[in-house]
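Engineer: Generate coordinates for the sequence data below:
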Amino acid sequence: MRLDKDEASSQQIVVAARSLRPFIEACADEIDRQAALPSRLVSALVNAGLFRMTLPRSIGGLETPLPVYAEAVEEIAQADASTGWCMAQNAGVAVAAGAMTHEGALEVFGAPDLRSAGGYGPAKAVRVPGGYRLTGEWRYCSGIRHATWLRANTSIVSDASASPLADPSVDETGANRGMLFFPASDAEIVRVWDVSGLRGTGSDTCRVSDLFVPEQRSVVRPAPEQGPLYVLGTNQVFMAGFGSVALGLARSTLDALIDLAAGKTARGMSNHLREHHMVQSRVAIAEATLESARAYFRNTIENLWQDVKATHAVSLEHRVRLRLATTFTMHQCASVVDTAYHTAGGDAIFAKNGFERRFRDMHAVTQQVQARQDHYESAGQWFLGLEPDRSFL
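Structural biologist: Below is the predicted model of the structure:
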C-alpha cells in the first residue's frame, strides 16, 4: 500500500480498531443474543472515531482512504462479524455526506455521536417547496437499533403532479433515484430481524409516510467534497467493507481451529489434532485460500484507490474488478470457515467455542446481495467485451 503523509496518519484508525478487539470479543455472545450492539460498545466505537471513517474532514470526519478503511473493518470483524458489518453499513451510508451541501452534511452527520443506517425498498419522493414529501419502506437496515440518522434511497423523484423529474441526484444508470436523510426517530421501526446469522446487526425494516425532508438533507451532483473518497459511490464503499467483514470472520475462525487443534484429542485418537496429517493439510490449504483471497482483494482496492487519486474518476474496469474481487473473496472465506467448522468436530456445535456463531455469521454473509453468484456474470460480460449489467457496480 502506497500512503502519502495524510494517509499514513489515518492508519491510527486501524490501531484504534485493533485495540477494541478484546472488548468487542467479550461482547460477542451478548451481541448475538440481543440482536443488537450493547450501548457500552456503541459508545466505545463512537469514542474511537469508527463511525466517522468516511465523513469529510470539513465536518469533523476522518476521510479515511479506502484501503485503510477496509483494514479497520477487517480488524473489527475478527472480533465480531455483526459489529464489523454495522461499521461497514454506517460507512457506506455516511460517505454520502460528501455529496451534500456543507449545511446539510453538518445537520445530518455533524454530531459527535453520529450513527447512520439505511436499507433498500420501494419508495417515492415528491418535490415540494423547500424539500420533499417522502413515503417508503426499507429493509435490511443494518445498525438501525443504534442509529441516529437514516438514509432513504428513493426509486422515484417527482413533482406534485407525479411527473418524474430530471433530478440532480439521478444515478449513473439513468434512474431517477434520490438519496434523502431523516432522523431515526421520525421512522416506524418494524422488528423483523429474527435470523440465523449476523444477528447483532439488528437489520430491521423502517418506514415513513408523507414525511417532509428539507432540501439540504438530500445529495447533490456534482459532489461538493473533492477528496478521492467522494469520487466513489456507496457501492464501492460497501464492497470494500463487506468483503473485509468476510476476511475478518474467516481469519478468526481459522485461528480458533488452530488454537483448538493444539489441545484437543479427538475420540479414538491418541494425539492432539495438530499431529494428524489430514488436519495439517486442511489448515495449510485454508491458510493459502484465505491469504490468497485477502491479497487479491486488497490489491484490487489499492489499484482502484490509486487510480481514483490520479484521475478523480472511477473507471468501469475498476468497478467490475472490485465487484468480482468482493464476491469471490466472500465465497473463498466461506470455504475457509466451513473447513474450520468441520475439522473442529463436535466442539464446533457448542456455543461457548464460537465456531457455530461464526459459521452462522459467514453463511449469512454469503446470502447478502454482495455475494450473489450472478455478479460473476456481470464481470464475465465485461471481460468478454460485452456491456456489463451495472446494477451493482
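Engineer: Could you look up the SS state of residue 309?
Structural biologist: What DSSP: H, G, I helix; E, B strand; the rest coil gives for residue 309 is helix.
Engineer: which residues does it contact?
Structural biologist: residue 228 (Cβ atoms under 8 Å, 6 or more residues apart in numbering). C-beta coordinates here come from the backbone N, C-alpha and C atoms, glycine included.
Engineer: Could you report the pLDDT at it?
Structural biologist: Per-residue confidence (pLDDT) for residue 309: 96.
Engineer: Distance of it relative to residue 111?
Structural biologist: To residue 111, residue 309 is 30 Å away according to Cβ to Cβ, to the nearest Å.
Engineer: One more: residue 202?
Structural biologist: For residue 202 relative to residue 111 (Cβ to Cβ), the value is 21 Å.
Engineer: now do residue 254
Structural biologist: From residue 254 to residue 111 the distance is 39 Å (Cβ to Cβ).
Engineer: So those two - more neighbours on which side?
Structural biologist: A direct count of neighbours by other Cβ atoms under 10 Å for residue 254 and residue 111 places residue 254 higher, at 23 against 13.
Engineer: Verify the stated contact: the more buried one with residue 336.
Structural biologist: Yes - counting by Cβ atoms under 8 Å, residue 336 is a contact partner of residue 254 at 5.7 Å.
Engineer: what is in contact with those two at once?
Structural biologist: Common neighbours of residue 254 and residue 336, using Cβ under 8 Å, 6+ apart, are 286, 290.
Engineer: what about dumping the CA coordinates of stretch 242-252 to PDB?
Structural biologist: The C-alpha trace of stretch 242-252 is given here as PDB (Å, rounded to 0.1, in the frame of the first residue of the first chain):
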ATOM      1  CA  PHE A 242     -18.400  -6.100   3.500                       C
ATOM      2  CA  GLY A 243     -15.700  -8.100   1.800                       C
ATOM      3  CA  SER A 244     -13.400  -7.100   4.700                       C
ATOM      4  CA  VAL A 245     -16.100  -8.500   7.100                       C
ATOM      5  CA  ALA A 246     -15.800 -11.900   5.400                       C
ATOM      6  CA  LEU A 247     -12.000 -11.800   5.600                       C
ATOM      7  CA  GLY A 248     -12.000 -10.900   9.300                       C
ATOM      8  CA  LEU A 249     -14.600 -13.600  10.100                       C
ATOM      9  CA  ALA A 250     -12.600 -16.300   8.200                       C
ATOM     10  CA  ARG A 251      -9.400 -15.300   9.900                       C
ATOM     11  CA  SER A 252     -10.800 -15.600  13.400                       C
END
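Engineer: quick one, strands of the stretch 51-200 of the chain?
Structural biologist: 116-118, 123-128, 131-141, 149-154, 156-158, 178-183, 188-190 (DSSP state E, counting those that start in this stretch).
Engineer: nearest to residue 81, of those strands?
Structural biologist: Nearest to residue 81 among the strands of the stretch 51-200 of the chain is strand 131-141 (15.3 Å), distances taken as Cβ to Cβ.
Engineer: Doesn't residue 264 lie inside a strand?
Structural biologist: No - going by three-state DSSP, the assignment for residue 264 is coil, not a strand.
Engineer: Quick check: chain neighbours aside, which residue is closest to residue 230?
Structural biologist: Nearest residue to residue 230, sequence neighbours excluded (Cβ to Cβ, 6 or more residues apart in numbering): residue 98, at 3.1 Å.
Engineer: Actually, residue 100.
Structural biologist: Spatial nearest neighbour of residue 100, excluding adjacent residues (Cβ to Cβ, 6+ apart): residue 219 at 5.7 Å.
Engineer: Ramachandran angles for that neighbour?
Structural biologist: Per-residue torsions, residue 219: phi -80, psi 160 (degrees, to the nearest 10).
Engineer: how about it, what does it touch?
Structural biologist: Contacts of residue 219 by Cβ under 8 Å, 6+ apart are 96, 99-100, 169, 178-179.
Engineer: One more: residue 202?
Structural biologist: By Cβ under 8 Å, 6+ apart, the neighbours of residue 202 are 35-37, 142-146, 193.
Engineer: Name the nearest residue to it, sequence neighbours excluded.
Structural biologist: Using Cβ to Cβ, 6+ apart, the nearest residue to residue 202 is residue 145, at 3.8 Å.
Engineer: got it, and residue 364?
Structural biologist: Using Cβ to Cβ, 6+ apart, the closest residue to residue 364 is residue 197 (3.0 Å).
Engineer: hey, C-alpha coordinates of stretch 349-359 in CSV?
Structural biologist: Extracted C-alpha coordinates of stretch 349-359, given in CSV (Å, rounded to 0.1, in the frame of the first residue of the first chain):
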residue,chain,number,x,y,z
ILE,A,349,-21.5,-27.1,17.9
PHE,A,350,-21.0,-25.7,21.4
ALA,A,351,-21.9,-22.1,21.6
LYS,A,352,-19.1,-21.4,24.1
ASN,A,353,-16.5,-22.2,21.5
GLY,A,354,-17.6,-19.6,18.9
PHE,A,355,-17.5,-21.9,15.9
GLU,A,356,-21.2,-22.2,15.4
ARG,A,357,-21.8,-18.4,15.7
ARG,A,358,-19.1,-17.7,13.2
PHE,A,359,-20.4,-20.4,10.9
